[in-house]
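Trainee: What follows is a predicted structure for the sequence shown.
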Amino acid sequence: MNKFFAVLFHVKKSKVTTIGTAPIFMRVTIDGERIEISTKRLVEPNKWNAAGQKAIGTTEAIRSLNVYLKTLEQKVYEVHRKMMEEQEPLTASTLKAMLLGGHKPANIKSLIPIFKEHNQRITDLVGKEYSKGTFDRYETSLKHTLDFLLWKYNLTDIDIKKIDNEFITSYDFYLRSQRNCNNNSTVKYLKNFKKIILICIANGWLEKDPFAKYKNKVNEVKREFLNSAELEILATKKLVSERVSQVRDIFLFSCYTGLAYADVKKLKRSEIVLGLDNEKWIYTRRQKTDTDSRIPLLPPALSLIERYRSNPLCINSGLIFPVLSNQKMNCYLKEIADVCGIHKTLTYHIARHTFATTVTLSNGVSIESVSKMLGHKNMRTTQHYAKILDKRVSDDMHSLRQKWNGKNESVLISHD
C-alpha cells in the first residue's frame, strides 16, 4: 500500500541569530505523521526561496549550501526506498531513526518476530504441553498473517502499534474473501492471532486491545453421525477387498470406543488393561488434548481387537490395528458409504460422533460418563451431542405418556 511521503525544507524565523541568520530544518511527513530534523545549516531569511526549496544567490557559500540540501534530500529518499524494498515498518519515526542512526529505534516492536517466537515456544513444548496439531494451526495462522500483510499493506512485517480495529476487520475480510474461509475457520484464525496480541499487551508493548470492538462468534455445526440402522449395515456388509475391510473395522472400533483417528493409530496392546470391574478397558492419553481417556470395551470392540491379533504389522509394532494415513482412510470410507448405501459424507471423525450419540447417549449412558470417555476437558463440548438426540427426547416423552395414561389427568395437571 502506497503511503503519502513528502520532504520539505523551511527556515525557522523564530530562531534568528544575532547576526541575522536562521536555522534550516527538514520536515518529513509520512501518512500524517511529521518529524523535523535540523540540517545544521543557517541562511538569511530574505535569501531563502520557499517555493524553490533553496537559498538565493550565486556566491560559493550559497551554491555549497544548496548542494548540501539537495544531497540531504536524496539521502532521505534513498533511506525511504531502502525501507520500502526491505519492507520495514515505515513511519516518520522509523525513517528518522534509520536516517540518523542507521537502524530502527529500540522501542519499535514488529509483529512477525513476536509471532515466530511464540510458535518456536509451542514447538519446544510439543508432546509436553501442546500437540503437534496445535503447532500446525499456529503455523498456518502465521502464514495467513504474512499473506494478509502482503495483500493489504505490501509489507512482510508491521509495527505492532499500527495494529488497530481497522487492521482486525480487514484481516477478517481477507480470510473470508481471499482465503475462502468459512465463518468458524475465520473466527479460529483470528482467535490464534489474538493470542499474539495479548502477549504484546501483557508485555506492555501495546496499550490498547485492537480486538475490543471486534465481535464475532463460532456458528454451531451440525455434527453428522451414523444411526443404529446405518451402523448395523456397516458392521454386517460383506466387502470384497481386505484393505477396505480393514478400514471398515478400524472405523467401527472408533464407533464403539469414541477414539479419534490419531489415538487409534497409536493405540498399543499394552493400553488394554483390566479395570476395576475386572473387564477390559482402554487406558490411553488423547493426543489432541493430552488428557487421560479410560473406556470400557464393548463386546464388538473386543472382537475387532482379536481379529487383528495375528496381523504381522501389529505383532511387530505392538499396535492394535494396521492404520493407514487419515487421507487414505477417508478415501476408502467414501467408497464404503457408497457400497453400504449410506447417503452421508463418511469421514473418520464421524465415528467419534457416532459413539457419543448412537452408541452411548441414546442408550442411556450419562453425559458425564460420555464426556469422561471422550476425554473432553469441558462438559459443554459433550453437550453439543446431547442437543441433537431426538430419540432421547422421544424416549423421555414416551415415559411421560405412560405416566399420563396410567393416572388421572388431575394428578399431572395442576389448576391454579
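Mentor: Done, it's in. Being a predicted model, the structure only gives us computed values, none of them experimental.
Trainee: For stretch 7-21, what does the pLDDT average out to?
Mentor: Per-residue pLDDT values over stretch 7-21 give a mean of 90.
Trainee: How far does that stretch sit from its chain's centre?
Mentor: Distance of stretch 7-21 from its chain centroid, counting by C-alpha atoms, centre = their mean, to the nearest Å, is 55 Å.
Trainee: Centre-most residue in the protein?
Mentor: residue 189 (3.3 Å; C-alpha atoms, centre = their mean).
Trainee: Which neighbouring elements make contact with the helix or strand containing residue 61?
Mentor: Assigned by DSSP states H and E, residue 61 belongs to helix 60-85. Applying 3 or more C-beta pairs under 8 Å, 6 or more residues apart in numbering; DSSP states H and E, we find helix 60-85 packed against strand 5-11, strand 22-30, strand 33-43, strand 54-55, helix 92-101. Any C-beta I mention is one placed from the backbone N, CA and C, and that applies to glycine too.
Trainee: among the ones you listed, which is the most enclosed?
Mentor: strand 54-55 (a mean of 20; mean count of other C-beta atoms under 10 Å).
Trainee: follow-up on the earlier one: return the member of the helices and strands packed on helix 60-85 having the minimum mean pLDDT.
Mentor: helix 92-101 has the lowest average pLDDT among those, namely a mean of 78.
Trainee: what's the angle from that one to strand 5-11?
Mentor: Angle of helix 92-101 versus strand 5-11, following axes from the mean of the first three to the mean of the last three C-alpha atoms, to 10 degrees, is 60 degrees.
Trainee: Helix 92-101: what's the following helix or strand?
Mentor: Using DSSP H and E, the first helix or strand after helix 92-101 is helix 111-124.
Trainee: what comes up buried for that following helix?
Mentor: The neighbour-count check on helix 111-124 (16 or more other C-beta atoms under 10 Å) flags 111-112, 114-115, 118-119, 122 as buried.
Trainee: Kindly report the same for stretch 345-360.
Mentor: 346-360.
Trainee: what angle sits between the helix holding residue 61 and helix 92-101?
Mentor: Using the same axes, to 10 degrees, helix 60-85 lies at 120 degrees relative to helix 92-101.
Trainee: Okay, buried residues for helix 60-85 please.
Mentor: Buried, per 16+ other C-beta under 10 Å, within helix 60-85: 65-66, 69, 72-73, 76, 79-80, 83.
Trainee: What of stretch 9-18?
Mentor: Neighbour count says stretch 9-18 has 9, 11 buried, by 16+ other C-beta under 10 Å.
Trainee: for the nearest residue to residue 323 once chain neighbours are set aside, what are its contacts?
Mentor: Distance criterion C-beta to C-beta, 6 or more residues apart in numbering; nearest residue to residue 323, sequence neighbours excluded, is residue 265 at 4.3 Å. By C-beta atoms under 8 Å, 6 or more residues apart in numbering, the contact set of residue 265 is 319, 321, 323.
Trainee: And the last one, how far from residue 247?
Mentor: Using C-beta to C-beta, to the nearest Å, one obtains 9 Å as the distance from residue 323 to residue 247.
Trainee: With the second one instead?
Mentor: Relative to residue 247, residue 321 is positioned 10 Å away (C-beta to C-beta).
Trainee: what do these two both touch?
Mentor: If you check residue 321 and residue 247 against C-beta under 8 Å, 6+ apart, no residue is contacted by both.
Trainee: residue ranges of the strands in the stretch 201-350 of the chain, please?
Mentor: With strands called from DSSP state E, counting those that start in this stretch, the stretch 201-350 of the chain shows them at 272-274, 280-285, 292-296.
Trainee: Out of these, which gets the lowest mean score?
Mentor: Looking at the strands of the stretch 201-350 of the chain, the weakest mean confidence is strand 292-296, a mean of 85.
Trainee: For that strand, buried residues please.
Mentor: In strand 292-296, counting by 16+ other C-beta under 10 Å, buried: 293, 295.
Trainee: Sheet partners, orientation included, of that strand?
Mentor: strand 280-285 (antiparallel) (DSSP bridges).
Trainee: Off-centre distance for the strand it pairs with?
Mentor: 31 Å.
Trainee: send the alpha carbons of that strand over as CSV?
Mentor: Extracted C-alpha coordinates of strand 280-285, given in CSV (Å, rounded to 0.1, in the frame of the first residue of the first chain):
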residue,chain,number,x,y,z
LYS,A,280,-11.1,-55.0,29.7
TRP,A,281,-10.7,-51.2,29.4
ILE,A,282,-8.6,-48.9,27.2
TYR,A,283,-6.3,-46.7,29.3
THR,A,284,-4.8,-44.2,26.9
ARG,A,285,-4.0,-40.5,26.6
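Trainee: Can you list the neighbours in contact with it?
Mentor: 257, 259, 263, 267, 271-275, 291-297, 302.
Trainee: Ok, stretch 227-244 next?
Mentor: Against stretch 227-244 from outside (C-beta under 8 Å, 6+ apart): 226, 245, 248, 251-252, 255, 300, 332, 335-336, 339-342, 344, 354, 358-359, 362.
Trainee: average pLDDT for that stretch?
Mentor: 92.
Trainee: Mind listing what's buried along it?
Mentor: Quick answer for stretch 227-244 (16+ other C-beta under 10 Å): 230-231, 234, 239.
Trainee: Would you mind putting those residues into CSV with distance to residue 285 alongside?
Mentor: CSV is the format used below for the buried residues of stretch 227-244 (distance: C-beta to C-beta, whole Å):
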residue, distance to residue 285
230, 30
231, 27
234, 28
239, 32
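Trainee: Now, these that are in helices?
Mentor: Judged by DSSP state H, those include 230-231, 234 as members of helices.
Trainee: wouldn't residue 79 be in contact with residue 95 here?
Mentor: Yes - applying C-beta atoms under 8 Å, one finds residue 79 in contact with residue 95, separated by 6.1 Å.
Trainee: Point out where this protein drops to low pLDDT.
Mentor: 1-3, 87, 101-107, 220-221, 289-290, 386-396, 399, 404, 406-416 (pLDDT under 70).
Trainee: try 50 this time
Mentor: Counting by pLDDT under 50, the chain contains low-confidence ranges at 1, 410-416.
Trainee: Domain-wise, how is it divided?
Mentor: 5-101, 111-202, 228-389 (automatic domain parsing).
Trainee: which pair in the buried residues of helix 60-85 spans the largest distance?
Mentor: 65 and 83 (27.5 Å; C-beta to C-beta).
Trainee: ok, residue 41 - contacts?
Mentor: 23-24, 65, 68-69 are the contacts of residue 41 under C-beta under 8 Å, 6+ apart.
Trainee: now for those, which pair is the farthest apart?
Mentor: 23 and 68, at 13.6 Å, using C-beta to C-beta across the contacts of residue 41.
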